[in-house]
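Chemist: need a 3D model of the following:
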Amino acid sequence: MIALRINTRSAPYDNQKVRQAVSFAINKKDLVEKLMLGAALVPDGIAGHGVWATVHNPAGYYPQDLKKSEQLMLDAGMTKVSGKWQYNGVPLIFRLYAPQGRYVNDQQVAEYVAGQLTTFGFTVKSEIVPWTVFASSDKANAQKLLYDGAISGFSTTHPSGNWASDLTCTANTITGWCSKDFDTLVAKAAATFDEKQQLDYYAQAQKIAVEAAVYAQLEEQLPVWGAQAKVTGL
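Modeler: Got it, this is the predicted structure:
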């Protein structure tokens, strides 16, 4: 799953309504169809379909809804002047940090996200760097408040080592988001061998995480394989 990971230490992105507005402002369907040429799925959960215990929403994961997005911004105290959002009387800037050379069409995805947010009314400042630079600087830059959102991917097949670990208060050193209720549910899931109970705990934890909108999920990449016609059995 490829996501726009939001830095909740950075105002006004510490406001859940603003983060939700960011998610609703992006057209994931167009991204999948036009940019990924169908080699991806439109997100319908906090993780991909290959991740155990993922709760999928048939309506999608924050499907684009510009009216809802605008209302959330207004509810959060933002104002719109001449088509641009303002925060405390100044243009609202979204600083986007993204890698190039790590994910399929990652630079194009970052440029698409920047375009979508710009159209919605954010003043976007993008910095796209080689993957090696991004990987070595991502965490430090987030903690220094040098960006408001970054493009990243998640691929493990279990909540542990995926969203359930990354979003805990102790492990979540990049986004800065912290929920004691979330942590409690994840800890309970890890402590029981009852699979039904695990699924219930993870479902409750996902509900909290989805509402928190720390991840603006963009697209679930699908593997693309090529083989000569004479190759069989794949």
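
Chemist: alpha carbons only for contacts and neighbour counts from here, please
Modeler: OK.

Chemist: run through who's touching the longest helix seen in the chain.
Modeler: With secondary structure taken from DSSP state H, the chain has its longest helix at helix 195-212. Contacts of helix 195-212 from elsewhere in the structure, counted by Cα atoms under 8 Å, 6 or more residues apart in numbering, are 16, 19-20, 46, 53-55, 159, 164, 167, 181-182, 185-186, 188-190, 192.

Chemist: go again using 7 Å as the cut-off
Modeler: Residues external to helix 195-212 that are found in contact with it (Cα atoms under 7 Å, 6 or more residues apart in numbering): 16, 46, 53, 55, 182, 185-186, 188-189, 192.

Chemist: quick one: the strands in this protein?
Modeler: Secondary structure of the chain by DSSP state E: the strands cover 2-6, 40-41, 79-81, 84-87, 90-91, 93-100, 123-130, 149-153, 215-221.

Chemist: for residue 115, which of those is the nearest?
Modeler: Comparing those by their distance to residue 115 (Cα to Cα), the top pick is strand 123-130, with 8.3 Å.

Chemist: for that closest one, name the packing helices and strands.
Modeler: In terms of contacts (3 or more Cα pairs under 7 Å, 6 or more residues apart in numbering; DSSP states H and E), strand 123-130 is packed against strand 93-100, helix 106-120.

Chemist: what residues of it count as buried?
Modeler: Judged by neighbour count (16 or more other Cα atoms under 10 Å), strand 123-130 contains these buried residues: 123-124, 126, 128.

Chemist: before we move on, the earlier item: can you put the strands of the chain in CSV and add distance to residue 31 and mean pLDDT?
Modeler: As requested, the strands of the chain are exported to CSV (distance: least, Cα to Cα, whole Å; pLDDT from 0 to 100):
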stretch, distance to residue 31, mean pLDDT
strand 2-6, 11, 96
strand 40-41, 9, 95
strand 79-81, 26, 97
strand 84-87, 23, 97
strand 90-91, 26, 94
strand 93-100, 16, 98
strand 123-130, 18, 98
strand 149-153, 14, 95
strand 215-221, 8, 95
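
Chemist: just give me the closest of the contacts of helix 195-212 to residue 112.
Modeler: Distance to residue 112 across the contacts of helix 195-212 (Cα to Cα) is lowest for residue 46, with 20.6 Å.

Chemist: how about that closest one, what does it touch?
Modeler: If you count contacts by Cα under 7 Å, 6+ apart, then residue 46 has residue 210 around it.

Chemist: for it, grab phi and psi.
Modeler: phi -70, psi -20 (degrees, to the nearest 10).

Chemist: the residue nearest to residue 221 when sequence neighbours are not counted: what's it in contact with?
Modeler: Take residue 221 and drop its neighbours on the chain: the residue closest to it by Cα to Cα, 6 or more residues apart in numbering is residue 40, 4.2 Å away. Residue 40 makes contact with 32, 219-222, according to Cα under 7 Å, 6+ apart.
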